[in-house]
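>>> sequence and predicted model, in that order:
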Amino acid sequence: MAGKLAGGGSRKGHGQHDVTADPNVIPFIDIMLVLLIIFMIAAPISSVDIEVDMPEARVQPSQRPPRPTWISVAEGPAGVQVYVMNDAVDITRLGEATFEAVKVNTPLIANDEYEIKDQRIYIRADSNLAYRHVVRVMNQLQNSGFTKIGFVAEDRRR
């Protein structure tokens, strides 16, 4: 029990048994010591080894995504130039060159024409190039059977 003993007071009954607002921590310490003893006894009991035969994991490794196929469109001294990956290609041969590039980039589907034409083709073009040239490249690709076409922009935040 907490109590405060004060020096004598001048008036009768005042100052001898004042109540204090200090918390009594003795019961708290008793409870903590009892819990400590309980956990010290229970901890070795809970670490009993139980032998369990777990099945072996048979997870197939995930396949690497296919290498992207790029088509670049640029304006040069000879007019509009089209590149499949890094090779210059005439626009009339764009479909065939793209087909061959996808075959090289994704060898797992090299024998399946439908899967090859289902791959995404990325187009990047110069900023000062007229949009009609990009549309012309897109039309050539669509005529060859490539319908998944994406545009790529340069990241200038750096």
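Ah, there it is.
>>> give the buried residues for the lengthiest helix in the chain.
Assignment by DSSP state H gives helix 26-46 as the longest helix of the chain. For helix 26-46, burial by neighbour count (16 or more other CB atoms under 10 Å) applies to no residue. The C-beta positions use only the backbone N, C-alpha and C, and glycine is treated the same way.
>>> what's the following helix or strand after it?
strand 69-76 (DSSP states H and E).
>>> from the chain's centre, how far out does that next one sit?
Chain-centre distance of strand 69-76: 30 Å, with CA atoms, centre = their mean, to the nearest Å.
>>> again with stretch 137-145
Here stretch 137-145 is found 33 Å from its chain centre; the criterion is CA atoms, centre = their mean.
>>> mean confidence score for that stretch?
Taken as a whole, stretch 137-145 has a mean pLDDT of 92.
>>> now do stretch 69-80
Averaging pLDDT along stretch 69-80 gives 88.
>>> list the contacts of that stretch.
81-85, 91, 94, 98, 101-102, 105, 119-126, 128-129, 133-134, 137, 141, 152 (CB atoms under 8 Å, 6 or more residues apart in numbering).
>>> just stretch 99-114 next, same as before
Under CB under 8 Å, 6+ apart, the answer for stretch 99-114 is 63, 66-69, 84-85, 115-117, 119, 121, 144.
>>> check those residues for burial and list the buried ones.
Buried members of the contacts of stretch 99-114, counted by 16+ other CB under 10 Å: 69, 84-85, 116-117, 119, 121, 144.
>>> now, which of these lie within helices?
The helices, defined by DSSP H, take in 116-117 from the buried ones among the contacts of stretch 99-114.
>>> between the buried ones among the contacts of stretch 99-114, which is closest to residue 51?
Closest approach to residue 51 among those (CB to CB): residue 119, at 50.2 Å.
>>> please name the nearest non-neighbouring residue to the closest one.
In space, and not counting its chain neighbours, residue 119 is closest to residue 102: 5.1 Å by CB to CB, 6 or more residues apart in numbering.
>>> how many other residues sit next to that neighbour?
A total of 24 residues lie near residue 102 under the criterion other CB atoms under 10 Å.
>>> likewise residue 120?
For residue 120, the count of nearby residues is 13 (other CB under 10 Å).
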